[in-house]
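K.L.:
no FASTA, just this:
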């Protein structure tokens, strides 16, 4: 059962007891599955009969009776779904029901992905349960406590164990009086990379657990170095919140991912934890849904690619459009536009004349606290209700007359262009720029990335924010990629949501915008907390030492044990021999990445080697999924991803942050052509 050299310190007697415990838990799960299966079949049958009765009787019901039937039906469906979800969880953990245990006040507590109970007795507790938190919070044996529903429980942890269970059999046991998780963690870190991110529930570290279980603050901003597990922490935090708050469902949570590749990469984690995947989108998709005036909105990766390909463009103007000052420009311009807006004619409807003086009073006095174009709707509604008590069609006709009688219009493309010719913009932007080129860009069918957020902000100020009331929690990953204005807009749109925001200022790839510190975001989020994660679990000490030199960092702490494999440095002149390095790494590891600065370099490598390998994946702006066996990508395409080994073609010159992103993708081995 155990190989020589396994870290196995429990006695033979204890081992027999552990195996007996495992069989006992498996038996309880089998009994629960059999019982639940029969019950669910009957409940589903009853539900269908209930729905059939409701359908046949609905013509005879009054509104109150029908509402009651619908309410009961919804309740039955919800209860059935909850039982089905519990059943799915038990099926998932049947052969691996727990991964750890502690003995607290002489009572053994086994910890797993989901709870296993018989009657009132818990044989396994969910890792998110309050008492399970002690496993993560206390490295050493001795005094411990946890916050229970009835108050703080204190006592002594006298034992901590972790289990490697496969196919219903104990393969290994890790036990220690101090820092038990270290052996299991190193065991996990030593494994080769898989195609998708895995859950880390059995190796969550204390600093990560603090973020995952944080209930002190509604909003959390996390600055975490490369490899600190930010994304894993975010997903496990979602799972914790879903467990902790019954009113919260996966449909109430939104993850803003950096790109579609990343969305696919993390898609297994929540299901592995027994939870449904949440809603996911990218900022690009979000912006595209709000901007109807353009056929297409440029993605972030395409915007970054433009710069690194050396496209001919006005970089100073782009930098200003993305700067925090741009918000002031738009706010001042909207005030100017509103002040200049007025009704220049009376309107007449059904022989009733409403004077322009009355209309302007409503516009600038009565509804002055509302967005400009919302005021027109409100004025039309008021006129309709006061004078005509009319229909929706009447209101529509009145609003149409109001628009014709005014000197302002809701052509946002035109308004946005006008802003750059205004004195307001000239007062903020003192440099010369080509208005012809700027107007030409804004007339295209594609709205450039640097214009998308200012355009949205202008539109929101003039017509109001599209509030997303149903969202209760928003997770933003790669936080450093969002400008302050983007956060300002998101905060307004998701005004009823709590936020978990995670990023690393060192991994900024936007050449035009960078935070000194993510803590500044707390200015937008009341009841917020800033937390730092300064340990990296991804890369070997040798790779971390090399990465630190890229940005002159000193605070990065590597947890992975040394592989005694130094970073190999080659001359760019020897690039013709890169095929030998690719072959060497490809045979040794499950996932290998060749990382370049530009997409053109990446495409050239794919073209050169695609005949040599059955599977070689290029990551570009259109990629949604890929095989990690052999990947070729520009550095900005692999943000958030990790590989067993990487080959980097260092043409990054002064782009140190981008190079840092490339270097920190490697777990075990790194080869650099300098």
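P.N.:
Looks like it arrived, so ask away. This is a predicted model, so every value here is computed, not measured.

K.L.:
residue closest to the middle of the protein?
P.N.:
The centre of the chain sits closest to residue 255, judged by Cα atoms, centre = their mean, with a distance of 3.6 Å.

K.L.:
from the chain's centroid, how far away is the helix or strand encompassing it?
P.N.:
Here residue 255, judged by DSSP states H and E, is contained in strand 253-257. Computed by Cα atoms, centre = their mean, to the nearest Å, the separation of strand 253-257 from the middle of its chain amounts to 4 Å.

K.L.:
quick check: mean pLDDT of that strand?
P.N.:
In this model, strand 253-257 has a mean pLDDT of 93.

K.L.:
do the same with stretch 314-329
P.N.:
Mean per-residue pLDDT for stretch 314-329: 97.

K.L.:
cool, stretch 23-42 as well?
P.N.:
According to the model, stretch 23-42 has a mean pLDDT of 78.

K.L.:
buried stuff in stretch 387-394?
P.N.:
Residues of stretch 387-394 classed as buried by neighbour count (16 or more other Cβ atoms under 10 Å): 390, 394. C-beta here means a position set from N, CA and C on the backbone, and glycine is covered the same way.

K.L.:
now do the contacts for residue 645.
P.N.:
Neighbour list for residue 645: 585, 588, 589, 591, 592, 593, 666, 667, 668, 669, 670, 671 [criterion: Cβ atoms under 8 Å, 6 or more residues apart in numbering].

K.L.:
now the buried members of these.
P.N.:
Buried members of the contacts of residue 645, scored by 16+ other Cβ under 10 Å, are 585, 589, 591, 592, 593, 666, 667, 668, 669, 670, 671.

K.L.:
list the contacts of the residue nearest to residue 251 when sequence neighbours are not counted.
P.N.:
In this structure, residue 251 finds its nearest non-sequential neighbour in residue 279, 6.6 Å apart by Cβ to Cβ, 6 or more residues apart in numbering. By Cβ under 8 Å, 6+ apart, the residues touching residue 279 are 250, 251, 253, 254, 255.

K.L.:
verify the stated contact: the third one with residue 237.
P.N.:
No. When contacts are counted by Cβ atoms under 8 Å, residue 253 is not listed as touching residue 237 (10.1 Å).

K.L.:
ok, these two, which is more surrounded?
P.N.:
residue 253 (25 against 22; other Cβ atoms under 10 Å).

K.L.:
separation between the more buried one and residue 664?
P.N.:
28 Å (Cβ to Cβ, to the nearest Å).

K.L.:
could you give the bridge partners of the residue nearest to the centre of the chain?
P.N.:
Counting by DSSP bridges, residue 255 is bridged to residue 280, residue 475.

K.L.:
what's the single longest strand in this protein?
P.N.:
Identified as the longest strand of the chain according to DSSP state E is strand 151-166.

K.L.:
just flag the most distant two among the buried ones among the contacts of residue 645.
P.N.:
591 and 671 (14.6 Å; Cβ to Cβ).

K.L.:
follow-up on the earlier one: now the contacts of residue 279 in TSV, with distance to residue 130?
P.N.:
Below are the contacts of residue 279 laid out as TSV (distance: Cβ to Cβ, whole Å):
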residue	distance to residue 130
250	22
251	26
253	22
254	27
255	26
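
K.L.:
wait, which of those is closest to residue 380?
P.N.:
Using Cβ to Cβ, residue 254 is the member of the contacts of residue 279 that lies nearest residue 380, at 33.5 Å.

K.L.:
you'd agree the closest one is up against residue 280?
P.N.:
Yes. Counting by Cβ under 8 Å, residue 280 is a contact partner of residue 254 at 7.3 Å.

K.L.:
the two: who's more crowded?
P.N.:
Counted by other Cβ under 10 Å, residue 254 and residue 280 do not tie: residue 254 has more neighbours, with 21 against 18.

K.L.:
helix or strand next in line after the helix or strand of the chain with the lowest mean pLDDT, which one?
P.N.:
Sorting the helices and strands of the chain by mean pLDDT, DSSP states H and E puts helix 181-189 at the bottom, at a mean of 51. Heading C-terminal from helix 181-189, the first helix or strand you meet, by DSSP H and E, is helix 206-212.

K.L.:
what distance do you get for the residue nearest to residue 251 to residue 473?
P.N.:
Residue 279 is 10 Å from residue 473, by Cβ to Cβ.

K.L.:
now do the shared contacts for those two.
P.N.:
Here residue 279 and residue 473 share the contacting residues 253, 254, scored by Cβ under 8 Å, 6+ apart.

K.L.:
shaky segments in the chain?
P.N.:
Applying pLDDT under 70 to the chain picks out residues 1-9, 36-83, 176-195, 555-558, 560-563.

K.L.:
picking up where we left off before, including distance to residue 657, could the buried ones among the contacts of residue 645 go into a markdown table?
P.N.:
Shown next, in a markdown table, are those (distance: Cβ to Cβ, whole Å):
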| residue | distance to residue 657 |
| --- | --- |
| 585 | 25 |
| 589 | 26 |
| 591 | 24 |
| 592 | 23 |
| 593 | 18 |
| 666 | 17 |
| 667 | 20 |
| 668 | 23 |
| 669 | 23 |
| 670 | 18 |
| 671 | 21 |
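
K.L.:
from those residues, which single one is nearest residue 413?
P.N.:
Looking across these and measuring by Cβ to Cβ, the closest to residue 413 is residue 593, at 40.8 Å.

K.L.:
tell me the phi and psi of the closest one?
P.N.:
The phi/psi pair for residue 593 (degrees, to the nearest 10) reads phi -130, psi 140.

K.L.:
equivalent analysis for residue 112, please.
P.N.:
As for residue 112, its main-chain torsions (degrees, to the nearest 10) stand at phi -140, psi -180.

K.L.:
now the residue nearest to residue 299 when sequence neighbours are not counted: how far from residue 278?
P.N.:
Spatially, and ignoring its direct neighbours in sequence, residue 299 is nearest to residue 284 (4.5 Å; Cβ to Cβ, 6+ apart). As for residue 284, its distance to residue 278 is 18 Å (criterion: Cβ to Cβ).

K.L.:
these two - which one has more neighbours?
P.N.:
Shown here are residue 284 and residue 278; by other Cβ under 10 Å, residue 284 has more neighbours (22 against 19).
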